[in-house]
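**Student:** sharing a sequence plus its predicted fold:
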Amino acid sequence: MKVVIVGSNHAGISTAATLTNYYKDLEITVFEQSDSIAYIGADGLLWVSGEIDNIEQTLYSSPGKLISKGINFQGSTNVYEIDQNKNQVLAKNSQEQVIVARYDKLVLACGSSPIRTIDLNILQKATHYPQILTAKTLSEGKKLFDISRKTDLSKVAVIGGGYIGVETVNAFRLARPDITIDLWQKSDQILNNYFDKKFADMAKQELNEHNINVILNETLTSSCPEILSYDLVVEAIGFHPNSQMGNLDRIEPSKAYKVNNYGQTSDPNIYAVGDCASVYNNVLEQYVNMPLGSYATHSAIVAAHHIGSQIENIESKHKYNGSQGASTVKVFDIILSSVGMTYEVAKNKLADDVDIIDFSNFIKPKYLTIEQGNAPITIRAVFNKKTLLLLGFQIACSQDVTPIIHLLSLALQKKMTAYQLRYLDMFFLPELNQVYNYLQRLLSQIIKSHNL
């Protein structure tokens, strides 16, 4: 069987690795147009911050590793057309040579591209104008690192208050306590896709305490006079899926490829995985585009096994069960995690049927000190007040309690109510938690508040 994979970042490499590790009698060709083989943008920011010494140590694959597994790797090659009638793709390499590759199965792991709003043509009319970058590719990660070490760097702007924007200002502040850093966000809070305002304000306060200026309800544009005062502007507004090729079904409004639980598109011989594909959100009960690394790898592994099952003529037991959007961000000394719907999203979807309860306590018994790993924690539950169906959670703590998000994600996937999760068997050990822990207390408050 001939398998062609377009893209060799997380999703593409996971597809190729799964196929080569589990199945035989495959001819695999991987096309890659960029320099970002196995590169994670968040690792680049760890390098900028000084938390790791060398970006090369984070690259978990390479063209050489792929070739050593018998994969035909075509680097610096852009796939520009899919001929679905002939089951082939057309590509052009750096020498402008056209390559035609036939496939039995095609995997689109095309990823996503940063949303760009700054027009360099306008800026270049000025005598001095900032360098404009994103934090997406390996080459840009190297540029960000080099710029962060320049002694004449004095002022940085980041546009976009989502995860990438917050992580970028965090990294630059750790690297450079001496410079001015501004975070521009067009809405009235940062992290608005993941957290309600109460939790977003905790992150904002942490940024402010580290002398990062958070500018809300405004955005920095090419025509703003302020833009010329910066040495560097990082665009972290978001991403759009690279889903232009093929006569395939897509979802609105993102235009990501619509796929089933095995990663198949509307053409059963074509799969889409990672950022260019959609995923069914179990809480929203609709298909969405979710550019997260965890989904990229999971969707790729599922698609690879589905392809492999057809080689062996068996039914694949690997099936993606949808997503709840679990995610985490570290903002200096606070770790914020979320899963499912925020209160604002739930209100728009369920109107008066939605409610929230917040609970604050310590993660361990109060007689244990901060030095012993104890810390205050705040957790929010979003739920249907008529049925007590759980819809979402948000957590803020200075200690790493993020594994609880995995449990809560499963609870949302299984459509659990506050009653069902309240009486889940949980361990108790005084060094690690309370006998009546913060999650159990939160769930008890939900039940008590509605007299159910």
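**Tutor:** Alright, I've got the coordinates.
**Student:** dihedrals phi and psi, Val329?
**Tutor:** phi -140, psi 140 (degrees, to the nearest 10).
**Student:** check contacts around it.
**Tutor:** 163, 166-167, 191, 194, 203, 335-336 (CB atoms under 8 Å, 6 or more residues apart in numbering). Where you see a C-beta, it was placed from the backbone N, CA and C, and this is true even at glycine.
**Student:** before we move on, what about Thr15?
**Tutor:** Thr15 neighbours (CB under 8 Å, 6+ apart): 5, 107, 109, 273, 300-301, 303-304.
**Student:** give the residue spans of this protein that score low on pLDDT.
**Tutor:** 35, 452 (pLDDT under 70).
**Student:** now do the helices in it.
**Tutor:** Assigned helices in the chain, in chain order: 10-22, 41-49, 63-68, 120-123, 138-148, 163-175, 197-209, 293-311, 343-350, 403-413, 418-422, 438-449 (criterion: DSSP state H).
**Student:** export those as CSV, with columns for distance to Lys258.
**Tutor:** Conversion of the helices of the chain to CSV gives the following (distance: least, CB to CB, whole Å):
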stretch, distance to Lys258
helix 10-22, 16
helix 41-49, 26
helix 63-68, 29
helix 120-123, 34
helix 138-148, 30
helix 163-175, 25
helix 197-209, 31
helix 293-311, 13
helix 343-350, 21
helix 403-413, 20
helix 418-422, 32
helix 438-449, 35
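**Student:** hang on, the earlier thing: pipe the contacts of Thr15 into a markdown table and attach neighbour count and distance to Lys364 per row.
**Tutor:** Below are these laid out as a markdown table (neighbours: other CB atoms under 10 Å; distance: CB to CB, whole Å):
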| residue | neighbour count | distance to Lys364 |
| --- | --- | --- |
| Ile5 | 31 | 47 |
| Val107 | 28 | 46 |
| Ala109 | 32 | 43 |
| Val273 | 33 | 41 |
| Ala300 | 29 | 39 |
| Ile301 | 21 | 36 |
| Ala303 | 32 | 42 |
| Ala304 | 29 | 42 |
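**Student:** buried ones from the contacts of Val329, can you make that a PyMOL selection?
**Tutor:** Applied in PyMOL, the following selects the buried portion of the contacts of Val329 according to 16 or more other CB atoms under 10 Å:
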select buried, resi 163+166+167+191+194+203+335+336
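**Student:** of the contacts of Val329, closest to Tyr60?
**Tutor:** When the contacts of Val329 are compared for distance to Tyr60 (CB to CB), Glu167 wins out at 19.6 Å.
**Student:** I figured the closest one hits Leu46, correct?
**Tutor:** No. Between Glu167 and Leu46 there is no contact under CB atoms under 8 Å: 9.0 Å.
**Student:** kindly list the main-chain dihedrals of the residue sitting nearest the centre point of the chain?
**Tutor:** The residue lying closest to the centre of the chain (CA atoms, centre = their mean) is Leu292, at 2.7 Å. Main-chain dihedrals, Leu292, degrees, to the nearest 10: phi -120, psi 140.
**Student:** quickly note the distance from it to Gly322.
**Tutor:** In this view, Leu292 and Gly322 are 13 Å apart by CB to CB, to the nearest Å.
**Student:** same question, Glu226
**Tutor:** Taken as CB to CB, the span from Glu226 to Gly322 is 43 Å.
**Student:** same question, Lys364
**Tutor:** Distance from Lys364 to Gly322, by CB to CB: 34 Å.
**Student:** between the two, who's got more neighbours?
**Tutor:** The neighbour comparison of Lys364 against Gly322 (other CB atoms under 10 Å) goes to Lys364, with 21 against 16.
**Student:** I figured that one was touching Pro376, is that so?
**Tutor:** No. Using CB under 8 Å, Lys364 is not in contact with Pro376; the gap is 10.5 Å.
**Student:** what sits in contact with each of those two?
**Tutor:** With CB under 8 Å, 6+ apart, Lys364 and Pro376 have no common neighbours.
**Student:** please tell me how far Gly293 sits from Ser112.
**Tutor:** 12 Å.
**Student:** so what's the nearest residue to Leu153 once chain neighbours are set aside up against?
**Tutor:** What sits nearest to Leu153 in space, not counting adjacent residues and going by CB to CB, 6 or more residues apart in numbering, is Asp231, at 5.3 Å. Residues counted as contacts of Asp231 (CB under 8 Å, 6+ apart) are 130-131, 147, 152-156.
**Student:** separation between His306 and Tyr22?
**Tutor:** His306 is 12 Å from Tyr22, by CB to CB.
**Student:** more neighbours, these two?
**Tutor:** The neighbour comparison of His306 against Tyr22 (other CB under 10 Å) goes to His306, with 21 against 15.
**Student:** contacting residues for that one?
**Tutor:** Applying CB under 8 Å, 6+ apart, the residues contacting His306 are 262-264, 271, 316, 318.
**Student:** repeat for Lys349
**Tutor:** 284, 341.
**Student:** and for Arg149?
**Tutor:** Ala175.
**Student:** any figure for the gap between it and Lys143?
**Tutor:** 11 Å.
**Student:** so how far is Leu391 from the most far-flung residue of the chain relative to its centre?
**Tutor:** Note on the chain: the largest C-alpha distance from the chain mean falls to Asn451, namely 38.2 Å (CA atoms, centre = their mean). Using CB to CB, Asn451 is found at 20 Å from Leu391.
**Student:** mind putting the contacts of His306 in a markdown table, distance to Arg422 and neighbour count included?
**Tutor:** Compiled in a markdown table, the contacts of His306 are given as follows (distance: CB to CB, whole Å; neighbours: other CB atoms under 10 Å):
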| residue | distance to Arg422 | neighbour count |
| --- | --- | --- |
| Tyr262 | 35 | 18 |
| Gly263 | 36 | 32 |
| Gln264 | 39 | 19 |
| Tyr271 | 40 | 30 |
| Ser316 | 36 | 17 |
| His318 | 32 | 17 |
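**Student:** between those residues, which sits nearest Ala277?
**Tutor:** The closest of these, once distances to Ala277 are taken by CB to CB, is Gly263, at 7.0 Å.
**Student:** just to revisit the earlier point, closest one to Phe359 among the helices of the chain?
**Tutor:** helix 438-449 (4.1 Å).
**Student:** who are the packing partners of the closest one?
**Tutor:** Packing contacts for helix 438-449, counted by 3 or more CB pairs under 8 Å, 6 or more residues apart in numbering; DSSP states H and E, involve strand 354-362, strand 376-384, helix 418-422.
**Student:** outside of stretch 263-270, which residues touch it?
**Tutor:** Counting by CB under 8 Å, 6+ apart, 82, 84, 87, 103-108, 246-249, 257-259, 271-273, 277, 299-300, 302-303, 306, 320 sit against stretch 263-270.
**Student:** hmm, which of these are the buried ones?
**Tutor:** 82, 87, 103, 105-108, 246, 248, 257-259, 271-273, 277, 299-300, 302-303, 306, 320.
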